[in-house]
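Participant: How does the following fold in three dimensions:
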Amino acid sequence: MLVKQLLTGGGDYKKSLKQRRWAAIGMLCIGLVGFVCYFLLVPDSHLSEHAQGFYLGAASGITAGSLILFIRTQYLLTHPQAQRKAKIKETDERAMHIMRTAAQMAGGLTIFGVTLSLFIVLPLSMEAYYALVGVIFFYTAVFFLSSLWLSRKL
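Facilitator: This next block holds a predicted model:
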């Protein structure tokens with residue numbers, strides 16, 4: 001869903017689909033790198049079982065998601081009737097408004113949740129605290145840079 005929102009193609013739906021296909025190929029490469037790391041690097045490492053499971057789970061999820069995105073995008077590129085239906089569904093103003101509002105709510109609630117968890121995590125783990133502070137700084141930087149970019153583009 002996020003790839004659809006990020007790669008709109010500037011109004012050209014077919015261009016957007018081609019960009020999505022490239023994004024799917026890029027995501028597939030990331031998933032395959034995760035598998036390579038899992039099979040070549042993880043067995044000889046001193047990582048915990050949780051960390052080893054992360055490699056396998058993340059690589060599997062990214063690979064599966066990218067394959068689904070690639071297959072769906074390829075299907076839409078080769079079937080004009082399905083492409084027309086998908087374009088109408090994706091460019092529906094009500095659906096777009098719902099997606100934007102949901103993304104705003106998710107971002108706001110995530111930042112509030114992370115800020116709340118700082119108070120809980122600080123006495124337990126400084127590493128987790130720093131990671132959460134990093135998430136807040138990252139979100140703030142992305143928000144600032146995207147608003148700056150959008151103010152010049154729009």
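Participant: And the pLDDT at residue 16?
Facilitator: The score at residue 16 is 89. That number is its pLDDT.
Participant: tally of neighbours for it?
Facilitator: Around residue 16 there are 21 other residues, counting by other CB atoms under 10 Å. All C-beta atoms are positioned from the backbone trio N, CA, C, and that covers glycine.
Participant: roughly how far apart are the residue lying farthest from the centre of the chain and residue 133?
Facilitator: Relative to the centre of the chain, and counting by CA atoms, centre = their mean, the farthest-placed residue is residue 123 at 30.8 Å. From residue 123 over to residue 133 the distance is 15 Å, taken as CB to CB, to the nearest Å.
Participant: can you check residue 86 too?
Facilitator: 40 Å.
Participant: what's the answer for residue 102, then?
Facilitator: Residue 102 is 26 Å from residue 133, by CB to CB.
Participant: Neighbour count for those two, which is higher?
Facilitator: Using other CB under 10 Å, the more surrounded residue of residue 102 and residue 133 is residue 133, with 15 against 11.
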